[in-house]
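Colleague: Got a predicted structure plus its sequence, pasted below:
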Amino acid sequence: MKLKSTSPALAAGLLSLSFATGAAALETPQSTTVLEFADGNTLFVADTDGGRIFAYTLPEAAPAAESRSYNLIGLGARLAASTGADPYSISYHDIAVHPVSKETYISMSLRSGDSKSPMIVRVDQDGTITPLDLAALEGTSVELNGTPDDSVTFWHDIPAATFTVTDLDFVDGTLFAAGLSTGEFASTLRQIPYPFTDSASTSSIEIYHTVHNQTETRAPIRAMSVVDLDGVKTVVAAYTCTPLVTIPSGDLADGAHVSGKTVAELGYGNTPLELLHFTAPNEEFQPEEYVLVINKERDADLIRVSDLAEASKGEGLSSPELWGDAGVKTAARPLGAVLQADDQDEQFLVTLKRNLDTGDVDLVSFRKGAYFRLSDFVSEYNFPDYQYVEEQEFFRNFQNMLKADAGYADLAR
């Protein structure tokens with residue numbers, strides 16, 4: 001990475017932070033978008049419209065008794081009924097799994113005409129929906145000054161303010177927040193210590209995008225995770241269209257302009273929705289660290305952390321690659337129609353997923369190592385007269401496990 005000095009004007013223009021503490025001092029968020037847990041009692045909520053990040057203190061939660069798959073088909077209709085909203089007036093922004101209870105928190109907006117109401121609900125595996133009363137929670141907040149306003153829009157009606165915070169990741173006492181600012185370089189990566197203090201830092205980020213064959217400074221990070229790459233704490237970030245970039249956190253400093261290293265191009269015409277870091281079984285059924293990029297317009301990309309670490313030591317991509325698919329080796333995984341996702345536990349990822357048969361929204365889990373739900377399709381294995389041969393014993397047991405994951409344990413054979 002190359003760390004560049006910034007002009008005094010740029011350093012002054014990058015956003016400053018102010019803080020509010022205590023329940024009485026907290027404002028009501030204008031929006032509830034990106035979610036991130038610090039621990040079992042602290043939930044970060046990005047308010048992109050209000051240019052603020054809240055840290056709410058949640059009540060103590062009982063630990064999950066066991067690892068259980070989510071199988072909440074048609075959750076969107078139930079959420080609409082519980083709020084009195086039209087199902088098509090709900091915008092889903094993010095999900096986050098409680099690290100202790102394994103309940104899923106969903107951030108939404110309920111639209112009515114030109115207005116919208118923010119909401120967060122908590123959902124457990126049994127399907128119990130509980131709205132979160134933010135006004136009743138204690139907490140603190142940090143104001144992000146110098147953020148985009150509605151004077152800039154994309155495609156006529158998408159305000160730049162919606163990109164104030166595009167993703168959050170909390171690591172070792174620091175909240176990393178990606179998004180836009182109104183500084184000279186718009187793409188911004190903030191490091192905010194928690195509990196909130198006045199020692200936050202803000203860096204502007206540039207990358208080389210091989211599909212566009214240009215250095216980009218405005219486009220924000222869309223999804224990220226902070227990952228240890230051979231002992232180096234590194235922001236692994238994905239951008240629209242879809243370059244994958246590594247940024248050592250040690251290069252980030254207040255007022256600095258940092259060049260990220262492009263280590264892969266995952267494909268043009270695509271927006272990354274999530275970038276998750278977790279441990280899962282590999283081909284030899286041994287635990288291995290992975291990064292999973294869930295995409296809006298293409299299959300998900302599964303990437304070994306060891307391959308990312310090796311690529312991050314190299315020079316990175318620096319020449320045009322019109323059609324993408326360059327750099328770090330990836331493996332396609334069939335996670336289509338996923339809107340949001342989070343690491344649930346050692347066995348599962350949980351997803352908010354569009355049901356392509358009904359048009360509704362489901363909250364369902366995918367088993368790590370498999371990355372598909374057997375109940376999403378019908379194959380020859382489903383016919384009642386199908387007989388497994390001896391060589392298929394592994395597949396029989398594997399499919400029986402996936403049937404149980406999806407709530408069809410009674411169909412095990």
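Modeller: Now that the structure is in, tell me what you want to look at. Numbers count the residues shown, from 1 in each chain.
Colleague: Can you tell me the SS state at the closest residue in space to Ser201 that isn't next to it in sequence?
Modeller: Nearest residue to Ser201, sequence neighbours excluded (CB to CB, 6 or more residues apart in numbering): Asp254, at 3.7 Å. Bear in mind the C-beta positions are built from the backbone N, C-alpha and C, glycine included. With DSSP: H, G, I helix; E, B strand; the rest coil as the basis, Asp254 sits in coil.
Colleague: per-residue confidence for Asp254?
Modeller: On pLDDT, Asp254 comes in at 93.
Colleague: From Ala200, how far off is it?
Modeller: Using CB to CB, to the nearest Å, one obtains 8 Å as the distance from Asp254 to Ala200.
Colleague: Ok, Pro243 next?
Modeller: From Pro243 over to Ala200 the distance is 26 Å, taken as CB to CB.
Colleague: And those two? Which one has more around it.
Modeller: Neighbours per residue, other CB atoms under 10 Å: of Pro243 and Ala200, the larger number sits with Pro243, 28 against 21.
Colleague: hey, what's the closest residue to Val305 other than its chain neighbours bridged with?
Modeller: Spatial nearest neighbour of Val305, chain neighbours left out: Glu289 (3.8 Å); criterion: CB to CB, 6+ apart. Bridge pairing for Glu289 (DSSP bridges) gives the partners Thr279.
Colleague: now swap in the one 4 residues further on and tell me
Modeller: According to DSSP bridges, the partner residues bridging Val293 are Leu275, Asp301.
Colleague: how about it, what does it touch?
Modeller: Applying CB atoms under 8 Å, 6 or more residues apart in numbering, we find Val293 in contact with 223, 238, 242, 244, 266, 272, 274-275, 300-301, 303, 330.
Colleague: rewinding a little: ok, the residue nearest to Val305 touching Asn282?
Modeller: No. With contacts defined as CB atoms under 8 Å, Glu289 does not count as touching Asn282, sitting 9.7 Å away.
Colleague: So the two - more neighbours on which side?
Modeller: Glu289 (18 against 13).
Colleague: How much space separates the more buried one from Tyr56?
Modeller: 30 Å.
Colleague: now do Leu244
Modeller: 32 Å.
Colleague: Comparing the two, which shows the higher neighbour count?
Modeller: Comparing Leu244 with Tyr56 by neighbour count (other CB under 10 Å), the higher total belongs to Leu244, at 29 against 21.
Colleague: Identify the bridge partners of the more buried one.
Modeller: Here Leu244, judged by DSSP bridges, has bridge partners Ala238, Ala264.
Colleague: Would you agree it is in contact with Val236?
Modeller: Yes. In terms of CB under 8 Å, Leu244 counts as a neighbour of Val236; the distance is 7.1 Å.
Colleague: Quick one: end-to-end length of stretch 53-66, please.
Modeller: 32 Å (CA to CA, to the nearest Å).
Colleague: Rounded mean pLDDT for it, please.
Modeller: 96.
Colleague: Quick one: distance of it to the chain centre.
Modeller: Between the centre of stretch 53-66 and the centre of its host chain there is 19 Å, according to CA atoms, centre = their mean, to the nearest Å.
Colleague: if we look at that stretch, which residues are touching it?
Modeller: Stretch 53-66 is contacted from outside by 26, 29, 38, 40-47, 98, 100-103, 134, 137-142, 144, 165, 168, 175, 177, 192, 194-196, 345, using CB under 8 Å, 6+ apart.
Colleague: Flag the shaky bits of the stretch 251-400 of the chain, pLDDT-wise.
Modeller: Scanning the stretch 251-400 of the chain for pLDDT under 70 picks out nothing.
Colleague: just the helices in it please.
Modeller: Counting by DSSP state H, counting those that start in this stretch, the stretch 251-400 of the chain has helices at residues 305-313, 393-405.
Colleague: so how far is the shortest one off the chain centroid?
Modeller: It stands for helix 305-313. Here helix 305-313 shows a centroid-to-chain-centroid distance of 21 Å under the convention CA atoms, centre = their mean.
Colleague: Determine the set of other helices and strands touching it.
Modeller: Secondary-structure packing of helix 305-313 (3 or more CB pairs under 8 Å, 6 or more residues apart in numbering; DSSP states H and E): strand 223-229, strand 232-238, strand 243-248, strand 261-265, strand 287-295.
Colleague: Mind doing that once more with 10 Å?
Modeller: Applying 3 or more CB pairs under 10 Å, 6 or more residues apart in numbering; DSSP states H and E, we find helix 305-313 packed against strand 223-229, strand 232-238, strand 243-248, strand 261-265, strand 272-281, strand 287-295, strand 326-327.
Colleague: now the fifth one and strand 287-295, what's the angle there?
Modeller: Right, the one you point to is strand 272-281. 160 degrees (axes from the mean of the first three to the mean of the last three CA atoms, to 10 degrees).
Colleague: so strand 272-281 versus helix 305-313, what angle?
Modeller: Going by the same axes, to 10 degrees, strand 272-281 makes 120 degrees with helix 305-313.
Colleague: C-alpha coordinates for strand 272-281, CSV please?
Modeller: Extracted C-alpha coordinates of strand 272-281, given in CSV (Å, rounded to 0.1, in the frame of the first residue of the first chain):
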residue,chain,number,x,y,z
PRO,A,272,-21.4,-6.8,-3.9
LEU,A,273,-23.9,-7.1,-1.1
GLU,A,274,-22.0,-8.8,1.7
LEU,A,275,-18.4,-9.8,2.4
LEU,A,276,-18.3,-12.4,5.2
HIS,A,277,-15.2,-13.9,6.9
PHE,A,278,-15.6,-17.2,8.7
THR,A,279,-14.2,-20.7,9.1
ALA,A,280,-15.8,-23.6,7.2
PRO,A,281,-14.9,-27.2,6.1
